[in-house]
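S.K.: Sequence unavailable; structure follows:
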């Protein structure tokens, strides 16, 4: 008998009348809100407008959900399209099964569409939301706890996860809580990106690349601990190969980008920058700062007071 362990929930869904409330879905939703909230704060701090992150997330989140599900279904197609399986289950996202690789890839495409529509550089947006994505993953991993899935080898450590369900080939027992390991790792990744961004003034997508590299480093060893069925290449799980390749790409981008485009973007949202210039001009005019007001007026294509006087004098001489 284990004296200490992490208990699994008796069920992953509660019913509010006929409406099912699923723990997995709640974790995903809460994670999205945290990512948008933190991303908005970081975007404003870099000179962007409030609400821009949420507006682009309207594109990124649906694309990310579709991409995550597609990656899972394609890489685990036998769960849905083999003999005795129901292909309709491929659409049951609430039962678990979102591949982070597909979610990030297609989510980035959605974010690019949203950013392009607003004239915003995609790398700057990615840097702003990077730590929030890591925290969202940390929260989302608890959805696996509700579903009693994606655990590691059997163990007797004090923090072992007690699996009680026997559905889907599960064997009740005590296992490594890999969902918890990855959740804690993602929290560390988010904090690392925030610290590095402040310390080294990361820009042009390098904060996002750091998040990707750090996450892949942790995912590779956590993936080795999992015991769920997975495709293997040369005896190594597919997700380990994916993590290794993406890690190398992220590190390469960090090195090349830092040499070609050092520093950080001066302007991340042109519309916000122009609005700020107009506001400063109005404030200068209100305080009697005529030179600054004249310069701002000239930038906006309007004549300054001095120019207006010269034009009036010329008109008088001509008449």
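M.R.: Cool, the structure landed. Small disclaimer: the values here were computed from a predicted structure and weren't measured.
S.K.: Helices along the stretch 51-200 of the chain, start to end?
M.R.: For the stretch 51-200 of the chain, applying DSSP state H, counting those that start in this stretch gives helices covering 52-75, 78-81, 100-117, 122-140, 142-147, 178-200.
S.K.: what about the chain, any weak spots by pLDDT?
M.R.: 1-3, 15-16, 94-95, 273-319 (pLDDT under 70).
S.K.: Mind doing that once more with 50?
M.R.: 1, 292-309, 311-312, 315-319 (pLDDT under 50).
S.K.: returning to that earlier point: can I get the helices of the stretch 51-200 of the chain in TSV with distance to residue 13 and mean neighbour count?
M.R.: Glycine gets a C-beta too; all of them are placed from N, C-alpha and C. TSV is the format used below for those (distance: least, Cβ to Cβ, whole Å; neighbours: other Cβ atoms under 10 Å):
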stretch	distance to residue 13	mean neighbour count
helix 52-75	19	20
helix 78-81	20	14
helix 100-117	22	20
helix 122-140	17	25
helix 142-147	8	22
helix 178-200	17	19
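S.K.: export these to JSON lines and tack on distance to residue 18?
M.R.: Formatted as JSON lines, the helices of the stretch 51-200 of the chain follow (distance: least, Cβ to Cβ, whole Å):
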{"stretch": "helix 52-75", "distance to residue 18": "24"}
{"stretch": "helix 78-81", "distance to residue 18": "26"}
{"stretch": "helix 100-117", "distance to residue 18": "30"}
{"stretch": "helix 122-140", "distance to residue 18": "26"}
{"stretch": "helix 142-147", "distance to residue 18": "20"}
{"stretch": "helix 178-200", "distance to residue 18": "29"}
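S.K.: Need the nearest residue in space to residue 166, chain neighbours excluded.
M.R.: The shortest distance from residue 166 to any non-neighbouring residue, by Cβ to Cβ, 6 or more residues apart in numbering, is to residue 172 (5.9 Å).
S.K.: The one you found and residue 8: what is the separation?
M.R.: To residue 8, residue 172 is 9 Å away according to Cβ to Cβ, to the nearest Å.
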